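In: Prediction below, plus the sequence it came from.
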Number of protein chains: 2
Amino acid sequence: MTYCLGLNLDAGLVLASDSRTSAGIDYVTSFSKLHCFQPAEDRIFILLSAGNLATTQEVVNRIRRDLDQARRGEPGPSLLSPTYLFEAAEYVGRVSLAVQNDHRQALSLAGVSVETTLILGGQIAGQSHGLYLIYPQGNYIAASPETPYLQIGENKYGKPALDRIARPGLGLDDAARLALVSLEATSRSNLTVGPPYEVAVYPAGALALARRLKFDADDPTLKAVTNSWNRGIQDVFERLPRFDWEGQSDLLPRQEGLDDSRA
Amino acid sequence: MTYCLGLNLDAGLVLASDSRTSAGIDYVTSFSKLHCFQPAEDRIFILLSAGNLATTQEVVNRIRRDLDQARRGEPGPSLLSPTYLFEAAEYVGRVSLAVQNDHRQALSLAGVSVETTLILGGQIAGQSHGLYLIYPQGNYIAASPETPYLQIGENKYGKPALDRIARPGLGLDDAARLALVSLEATSRSNLTVGPPYEVAVYPAGALALARRLKFDADDPTLKAVTNSWNRGIQDVFERLPRFDWEGQSDLLPRQEGLDDSRA
């Protein structure tokens, strides 16, 4: 499995992914799932992927080929074409669907899913930065102030931390920490998600990444953040308010009305 | 959806459930998913259910009918028959499978799942208390010291808290608090899980529940625990160690090597 997430904040974007890939449980390897495209000074795109690895790699290869061809003056769509960010999401969705359609029949016969789900973040000069989730079918949704984050892959374990903390006013460094915390929660509860974690930090209007970070399992910063988080949660648990009866013995006299066994 | 969990601890058992039931999103109601059976002085069983509500209710009804018939001296298996707790899990699994088989074809034609997944906790005098997860197919697994908790239903959102805190040495009151925290995390991230929450506390060897609690959404104890948990997690997040570069501006000069757009 995979877990990737993106945060769309007033201050910019944070995109993060794990790097574990499994083609069956006996072939677990590490591949980057975070790709940054900066085809011209006026635009930047960051792509996260979850799903079939071959599909994802071919999507990235075709995006690069389209850019090469556009740079050579050949006609056809590429990441240089869009005027609006949503048009870039549409283009990537079309590339993804085309790759899937090319391989769907053969993979279907083998009982393997050809699908990939993508997150695209970025900015085109003169417009706001934005964040899109692109479905395997090629359509997409955008992150919003009410829901400033998007997730793909194994998303449930890491969602409670996001639901508690993510908000549009969060700073970029806080958001990068939150992404690590959300990745770490997922990794603890699901063995198929794990480090290295990659994090891209994009400040609104910069049209360039401020940081592109990679955290190996033994990275001191990652360890410091996750140890502090785990210890902190344990402390919070131990300081929760007690029930009314605590201090008394748990072994109370037998109570009435506790038996549902009569029909 | 539903979320139920059980903890098997040195000190006894804690079983907990939400009470939200949905037959389609426009018929969301509240039903208890926690049932306690105490058919004789020497045995107690607590049952949690997730899945088709009609299947679950019929399983509970048949368990009660079997007990009535056994009390009248009629032959046939019931919760009075087992010598070992695993035999009770086998019996409940057989009842569940029989109910499902009776309705599978009709529900299958309607595209509805007949399945129910159950957690059975309890104790028979002279033996250890125990906790079992009973699959829709009627087979089962037991909780163990390495994995002292079992979950059914919408289990992912509430798992990270369990993975961090659950251990066999946890006290019963702490375990009841942990169950509320795990339920609350699920409820925040999934609208189909919600209060009232029910919690049963069983001290090892007591052969009777110590507590059977119901927490409505506005219960002061539930509010105190969840507010303290949410505030505490926010505090832990704000106190996480900073990255090396913090204090500097996020808007760094454009960096090399950040562009993947060349083929």
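Out: Yep, it's here. Residues are numbered from 1 along each chain as shown, chains lettered A, B, ... in the order given.

In: can you tell if stretch A:113-127 touches chain B?
Out: No - judged by Cβ under 8 Å from any Cβ of the partner chain, stretch A:113-127 and chain B are separated, with a smallest distance of 11.6 Å. Glycine gets a C-beta too; all of them are placed from N, C-alpha and C.

In: Now do the buried residues in that stretch.
Out: A:114-124 (16 or more other Cβ atoms under 10 Å in any protein chain shown).

In: Please apply the same query to stretch A:201-217.
Out: Those would be A:201-204, A:206-213, A:215, for stretch A:201-217 by 16+ other Cβ under 10 Å.

In: quick one: average pLDDT of it?
Out: Here stretch A:201-217 scores 95 as its mean pLDDT.

In: Between the two ends of that stretch, how far is it?
Out: Criterion Cα to Cα, to the nearest Å; first-to-last residue distance in stretch A:201-217 is 20 Å.

In: Which one of the buried residues of stretch A:201-217 is nearest to A:Ser49?
Out: Distance to A:Ser49, by Cβ to Cβ, is smallest for A:Arg212 among the buried residues of stretch A:201-217, at 16.2 Å.

In: thinking again about what came up before, so of the buried residues of stretch A:113-127, which ones are in strands?
Out: Per DSSP state E, strands hold the following members of the buried residues of stretch A:113-127: A:116-124.

In: okay if I get those residues as JSON lines plus pLDDT and distance to B:Leu97?
Out: Output for these, formatted as JSON lines (pLDDT from 0 to 100; distance: Cβ to Cβ, whole Å):
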{"residue": "A:Thr116", "pLDDT": "95", "distance to B:Leu97": "38"}
{"residue": "A:Thr117", "pLDDT": "97", "distance to B:Leu97": "36"}
{"residue": "A:Leu118", "pLDDT": "97", "distance to B:Leu97": "42"}
{"residue": "A:Ile119", "pLDDT": "98", "distance to B:Leu97": "42"}
{"residue": "A:Leu120", "pLDDT": "98", "distance to B:Leu97": "47"}
{"residue": "A:Gly121", "pLDDT": "98", "distance to B:Leu97": "48"}
{"residue": "A:Gly122", "pLDDT": "98", "distance to B:Leu97": "53"}
{"residue": "A:Gln123", "pLDDT": "98", "distance to B:Leu97": "56"}
{"residue": "A:Ile124", "pLDDT": "98", "distance to B:Leu97": "58"}
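
In: Specify which member of these is nearest to B:Ile152.
Out: A:Thr117 (27.0 Å).

In: For the closest residue to the closest one other than its chain neighbours, which three-state class applies?
Out: Spatial nearest neighbour of A:Thr117, chain neighbours left out: A:Ile152 (4.6 Å); criterion: Cβ to Cβ, 6 or more residues apart in numbering or on different chains. Here A:Ile152 is strand, with the state taken from DSSP: H, G, I helix; E, B strand; the rest coil.

In: who does A:Ile152 bridge with?
Out: Under the criterion DSSP bridges, A:Ile152 forms beta bridges with A:Cys4.

In: Does it touch A:Leu48 like I think?
Out: Yes - contact criterion Cβ atoms under 8 Å: A:Ile152 and A:Leu48 qualify, at 6.6 Å.

In: what is in contact with those two at once?
Out: A:4-5, A:118-119 (Cβ atoms under 8 Å, 6 or more residues apart in numbering or on different chains).

In: Look up phi and psi at A:Asn227.
Out: phi -60, psi -40 (degrees, to the nearest 10).

In: Model confidence score at it, please.
Out: Value for A:Asn227, per-residue pLDDT: 94.

In: number of nearby residues for A:Arg104?
Out: 15 (other Cβ atoms under 10 Å in any protein chain shown).

In: ok, back up a step: neighbour count winner among A:Ile152 and A:Leu48?
Out: Taking neighbours as other Cβ under 10 Å, A:Ile152 and A:Leu48 compare with A:Leu48 leading, 30 against 23.
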